[in-house]
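Participant: next comes the sequence, and after it the predicted model I'd like to discuss.
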Amino acid sequence: MIDINDITVRIGPKVLLEHASAHISDGQKVGLVGPNGCGKSTLFRVLKGELETEQGMVFFPRDYNVVFVEQEFLPDELAMPILAFILQKDQERAELLQRLQTASGEELAAIHERLNIQIVDNDRIALLGANGNGKSTLAKVVSGRLPLQAGTMRYSGKLKVGYFAQHQAEELPLEQTSCEFMSSLLPDKTEAQVRAHLARFGLNREKALTMIAKLSGGEKARLLFAAMTYNAPQLLILDEPTNHLDIDGREALIKALNEYGGSVILITHDLHLIELIADDLWLVKNGTCRPYDGDLEDYKKLLLEHDRPSSPKTPVKSVPASAEKDSRAEKKQLQSRLKKLEKELEQLNKEKEDLENQFQNLMSPSEIVRKQKELAVIAQKLEESESLWLELSEKLESIS
């Protein structure tokens, strides 16, 4: 178990956590919710021992092993090869790393080969594909961040591209303030005009004068949006734009993109965001990128089939007429149950979203606990309904 007892954390004049207490039992899974900048990452820094509390204490059992996944990479880590980053402390595999570092270029496969694509005005494209297939690489090539190894890429004469990087440290000078960074992009604007531009993205005067390294993940995301749109680009390339956004920020992004008049290339694991924004789906796979011949529901099924263990094929046997009639009746019944279940899932997801939105409002501790319990009940129902949906879908597929 973990005990957080009456802790107060202050950074400069700002109090981020005040008399905060919590008890986390063994096996309990806890999610932290709250707007950007309210102190979620600060609490993690306290748990990691990186930040001292002004008062109170945090207790871990002596035999606990704790693993943290950072919100983003440090700049020097971004420059490291992936294998070097993973294996840097693994002495047993050092020889493997050395052999890979000395391999010739011909021995290493290119990420994208013989790729031919065209993007025209007002295209709304979502890039689909498994991690590591090259979606972010393609985004960097189109945005001009990564040079071509072969072939040509032509832009319209006056095309301006706005690029949102998945790893924020790639695009942001962490040692500058938000205002200094934006002033370098807008040299002809006064400081007041620069701060006004930042304010449109939810970064007030205090945040504008804060060093970027000290901003929360969500605040850095807002700064990236401010930086990528300052010159009214005709093409926006967004690589996992909602990773650090709170609910309000996510809804604001959806609204802004739907009102935007240019083209959009979107990379995201948020299928709901794809449904709301994208008109075209492109699949990045096996070193190439092609329009996906199907809709998002087909892609979901493709993902499910990929994750499902393969079973040995059995010979097809002839089916008597009576059995075929029973099969049609069973199929019709399953389709009816699935349709009803999909409506239930839609309603549960709506209730879940409504509850999550309520956490943005001020509530008493007892009300927060009550809402968390309601959310847990809905989450359990969702899990059960989704499992049943998969089971019925597989059964329907087996008799189709």
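Facilitator: Looks like it arrived, so ask away.

Participant: show me the shaky parts of the stretch 1-150 of the chain.
Facilitator: Scanning the stretch 1-150 of the chain with the threshold set as pLDDT under 70 gives 71-116.

Participant: and the strands in it?
Facilitator: Counting by DSSP state E, counting those that start in this stretch, residue ranges of the strands within the stretch 1-150 of the chain are 2-11, 14-24, 55-59, 124-128.

Participant: most neighbours per residue, which of the ones you listed?
Facilitator: The highest mean neighbour count among the strands of the stretch 1-150 of the chain, using mean count of other C-beta atoms under 10 Å, belongs to strand 124-128: a mean of 22. For glycine as for every other residue, the C-beta is placed from the backbone atoms N, C-alpha and C.

Participant: could you list the residues in contact with that strand?
Facilitator: 119, 135, 138-139, 263-268, 274, 277-284, 289, 292, 299 (C-beta atoms under 8 Å, 6 or more residues apart in numbering).

Participant: show me which of those are buried.
Facilitator: Buried members of those, scored by 16 or more other C-beta atoms under 10 Å, are 119, 135, 138-139, 263-268, 274, 277-278, 281-284, 289, 292, 299.

Participant: as JSON lines, the strands of the stretch 1-150 of the chain with distance to residue 183 would be great.
Facilitator: Shown next, in JSON lines, are the strands of the stretch 1-150 of the chain (distance: least, C-beta to C-beta, whole Å):
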{"stretch": "strand 2-11", "distance to residue 183": "24"}
{"stretch": "strand 14-24", "distance to residue 183": "24"}
{"stretch": "strand 55-59", "distance to residue 183": "39"}
{"stretch": "strand 124-128", "distance to residue 183": "32"}
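
Participant: quick one: residue 197 and residue 271, what's the gap?
Facilitator: Residue 197 is 32 Å from residue 271, where distance means C-beta to C-beta, to the nearest Å.

Participant: got the contact list for the residue most central in space within the chain?
Facilitator: Geometric centre of the chain, nearest residue: residue 243, 3.7 Å, by C-alpha atoms, centre = their mean. Residues in contact with residue 243, defined by C-beta under 8 Å, 6+ apart, are 166, 217, 221.

Participant: buried residues in stretch 162-176?
Facilitator: The neighbour-count check on stretch 162-176 (16+ other C-beta under 10 Å) flags 162-172 as buried.

Participant: now do the contacts for residue 58.
Facilitator: Residue 58 neighbours (C-beta under 8 Å, 6+ apart): 2-5, 7, 46-47.

Participant: how about residue 34?
Facilitator: Residue 34 touches 40, 246, 359, counting by C-beta under 8 Å, 6+ apart.

Participant: and what of residue 146?
Facilitator: Neighbour list for residue 146: 137, 140 [criterion: C-beta under 8 Å, 6+ apart].

Participant: ok, it to residue 118 distance?
Facilitator: Separation of residue 146 from residue 118 (C-beta to C-beta) stands at 19 Å.

Participant: for residue 281, same thing?
Facilitator: As for residue 281, its distance to residue 118 is 16 Å (criterion: C-beta to C-beta).

Participant: helices of the stretch 51-200 of the chain, start to end?
Facilitator: In the stretch 51-200 of the chain, the segments counted as helices under DSSP state H, counting those that start in this stretch are 75-78, 82-87, 94-101, 135-143, 178-185, 191-199.
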